[in-house]
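In: Provided below are the primary sequence and the corresponding predicted coordinates.
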Amino acid sequence: MVSRTSVERPASMSLTPVEAKPTFLDGDEESHPPPEKGDLPEAQVQSEWTEAFLGEKVSLQCMIPISENWIYKWFKGSENVFSSDERSIKDNTLTLSVKSGYEGEYACQAELKGRTVTTAKSKTHLLTVHDNTPKPDITKHRWFDFFYTGEKVQLGCNMSGDGWKYDWYKGSKPLITDPTFNISSASLSDTGVYHCKAKRGDFSVDSETLRVQVQDLPEARVQSEWTEAFPDEKVFLQCVISVSENWIYKWFKGSENVVSSDERSIKDNTLTLSVKSGHEGDYACQAELKGRTVTTAKSKTYSLTVHGSKPTVILKQDPPYPEIYTGEQVKLICTIKEKTSKWQYQWQKHSVLNHLNQNCQ
């Protein structure tokens with residue numbers, strides 16, 4: 001017989017209950033940990049679209065931070081959203097083929113499959129729907145009627161809203177995908193009609209066309225009545241450009257720049273020389289377009305000959321009689337010894353100016 005002796009406990013002693021621990025079979029404790037308590041996760045609507053155009057496809061996603069077997073519900077305002085021809089719900093994504101009535105506030109909610117667990121509704125996501133689809137704005141960074149070869153051309157494309165990609169075309173030929181199309185150094189072959197296409201998802205819209213005209217730089221040319229000159233004579237050389245623009249003119253004598261001084265004056269396109277012996281030489285000009293990186297090539301040179309002294313004036317009488325009688329005709333001829341041209345002649349009698357004649361008689 002086995003007996004168990006009872007132990008008398010002091011009256012003041014109390015017993016502390018011990019929490020019972022679950023009993024696991026071998027290996028079960030690690031694979032079946034005790035459940036943890038936690039708040040329900042929050043649902044959140046995520047989308048690139050805050051505004052949309054008619055016919056555009058818009059995707060809204062219901063995001064839950066904990067990956068589980070969630071079943072998603074969608075709401076527009078207080079109404080449930082169900083799949084239809086224009087609305088598709090797949091997994092956590094609501095896809096809309098946008099109509100005018102689709103503007104509004106969207107929210108989502110998630111229910112855990114097989115359990116009585118449902119999140120609260122998410123915060124609302126506002127979607128604005130535009131009834132009229134605008135065209136993208138296409139611009140030139142500088143609105144010139146035409147560009148010259150070598151200039152930079154920059155075109156921009158912009159569409160209101162976020163998430164747009166832009167395709168560029170010259171005629172029907174695709175170029176690049178970027179908000180900006182750059183031509184770093186324009187050539188004649190860049191002349192043409194350009195447009196851009198704004199794309200977002202499966203939706204796209206074309207801009208108006210914009211023509212870019214590129215032409216060769218005009219030629220600078222030195223023009224003057226003088227090919228030869230005498231000391232102290234005033235000589236005018238003009239730099240002529242076929243296209244009338246805001247040109248800034250530069251002058252060269254040989255390889256040296258010509259700048260204004262006491263003997264040389266530059267005003268607009270004209271170089272004026274108060275001739276000295278050192279002014280003989282080959283002159284050229286060049287023009288730069290004000291406010292643009294456009295500079296013509298140097299003109300062909302223009303040669304100016306400077307004589308060492310003032311011209312020699314020769315006065316002849318015809319007929320060369322020493323005396324002329326009344327009633328006879330006499331002719332006086334004024335010439336320049338040096339072979340020069342375009343002289344005007346002043347005739348005087350006893351220091352009194354008689355008349356001005358371009359001829360020598």
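Out: Received the coordinates, thanks.
In: how about the most centrally placed residue in the chain, what does it touch?
Out: By Cα atoms, centre = their mean, the mean C-alpha position of the chain lies nearest to residue 154, the distance being 3.3 Å. When contacts are counted by Cβ atoms under 8 Å, 6 or more residues apart in numbering, residue 154 touches 140, 141, 142, 180, 181, 182, 183. For the C-beta atoms, the positions are set from N, CA and C on the backbone; glycine is no exception.
In: repeat for residue 95
Out: Residue 95 sits in contact with 57, 58, 59, 60, 87, 88, 89, where contact means Cβ under 8 Å, 6+ apart.
In: need the helices for this structure, in chain order.
Out: 28-31 (DSSP state H).
In: Okay, now the unreliable bits of it?
Out: 1-38, 341, 352-361 (pLDDT under 70).
In: who's the nearest residue to residue 165 once chain neighbours are set aside bridged to?
Out: Excluding the flanking residues, the one nearest residue 165 by Cβ to Cβ, 6 or more residues apart in numbering is residue 199, at 4.9 Å. Beta-bridge pairing for residue 199 (DSSP bridges): residue 165, residue 204.
In: Neighbours of residue 199, how many?
Out: Counted by other Cβ atoms under 10 Å, the residues lying close to residue 199 total 17.
In: Could you report the separation of it from residue 51?
Out: To residue 51, residue 199 is 16 Å away according to Cβ to Cβ, to the nearest Å.
In: Could you do residue 286 as well?
Out: 53 Å.
In: Equivalent analysis for residue 86, please.
Out: In terms of Cβ to Cβ, residue 86 sits 18 Å off from residue 51.
In: Neighbour count: the two, which is higher?
Out: residue 51 (16 against 12).
In: Apart from its neighbours in sequence, what residue is nearest the more buried one?
Out: Leaving aside its sequence neighbours, residue 51 is closest to residue 128 (4.2 Å, by Cβ to Cβ, 6+ apart).
In: Kindly report the same for residue 220.
Out: Here the residue nearest residue 220, using Cβ to Cβ, 6+ apart, is residue 299, at 4.1 Å.
In: right, and the one you found touches residue 241 too?
Out: No: Residue 299 lies out of contact with residue 241 (Cβ atoms under 8 Å); the separation is 9.5 Å.
In: hey, what's in contact with both of those two?
Out: By Cβ under 8 Å, 6+ apart, the residues touching both residue 299 and residue 241 are 219, 220, 221.
In: Relative to residue 299, how far out is the first one?
Out: The reference is to residue 219. 7 Å.
In: For these two, work out which one has more neighbours and name it.
Out: Between residue 219 and residue 299, counting by other Cβ under 10 Å, residue 299 is the more crowded of the two (21 against 15).
In: show me what contacts the more buried one?
Out: With the criterion set at Cβ under 8 Å, 6+ apart, residue 299 makes contact with 219, 220, 221, 222, 239, 284, 285, 286.
In: Among these, which lie within strands?
Out: Among those, the members falling in strands (DSSP state E) are 220, 221, 222, 239, 284, 285, 286.
In: thought the third one was touching residue 238?
Out: Right, residue 222. Yes: at 7.1 Å, residue 222 counts as touching residue 238 under the criterion of Cβ under 8 Å.
In: who has more neighbours, the two?
Out: Applying other Cβ under 10 Å to residue 222 and residue 238 shows that residue 222 carries more neighbours, namely 21 against 16.
In: Which strand residues bridge that one?
Out: Bridge pairing for residue 222 - DSSP bridges - gives residue 239.
In: and what of residue 212?
Out: The partner residues for residue 212, given DSSP bridges, come to residue 192.
In: tell me the contacts of it?
Out: 140, 147, 153, 155, 183, 186, 190, 191, 192, 193, 194.
In: run the last query once more with 7 Å
Out: 147, 153, 190, 191, 192, 194 (Cβ atoms under 7 Å, 6 or more residues apart in numbering).
In: nearest to residue 325, of these?
Out: Distance to residue 325, by Cβ to Cβ, is smallest for residue 147 among the contacts of residue 212, at 77.3 Å.
In: Name whatever forms a beta bridge with the closest one.
Out: residue 214.
In: now it: how far from residue 216?
Out: Taking Cβ to Cβ, one finds residue 147 at 11 Å from residue 216.
In: try residue 117
Out: Remark: distance between residue 117 and residue 216 (Cβ to Cβ) = 76 Å.
In: Those two: which has the busier surroundings?
Out: residue 117 (13 against 10).
In: who's in contact with the residue nearest to residue 47 when sequence neighbours are not counted?
Out: What sits nearest to residue 47 in space, not counting adjacent residues and going by Cβ to Cβ, 6+ apart, is residue 60, at 4.6 Å. Shown in contact with residue 60 (Cβ under 7 Å, 6+ apart): 45, 47, 94, 106, 125.
In: Okay, the second one and residue 124: tell me how far apart.
Out: Put plainly, it is residue 47. Distance from residue 47 to residue 124, by Cβ to Cβ: 12 Å.
In: if we can go back for a sec, now, which of the contacts of residue 60 lie within strands?
Out: Those of the contacts of residue 60 lying in strands (DSSP E): 45, 94, 106, 125.
In: Which residue comes closest to the first one once chain neighbours are left out?
Out: The spatial neighbour of residue 45 that comes closest, neighbours along the chain excluded (Cβ to Cβ, 6+ apart), is residue 125 at 3.9 Å.
In: Over to the third one?
Out: Of all residues not flanking residue 106 in the chain, residue 125 sits nearest, at 5.0 Å (Cβ to Cβ, 6+ apart).
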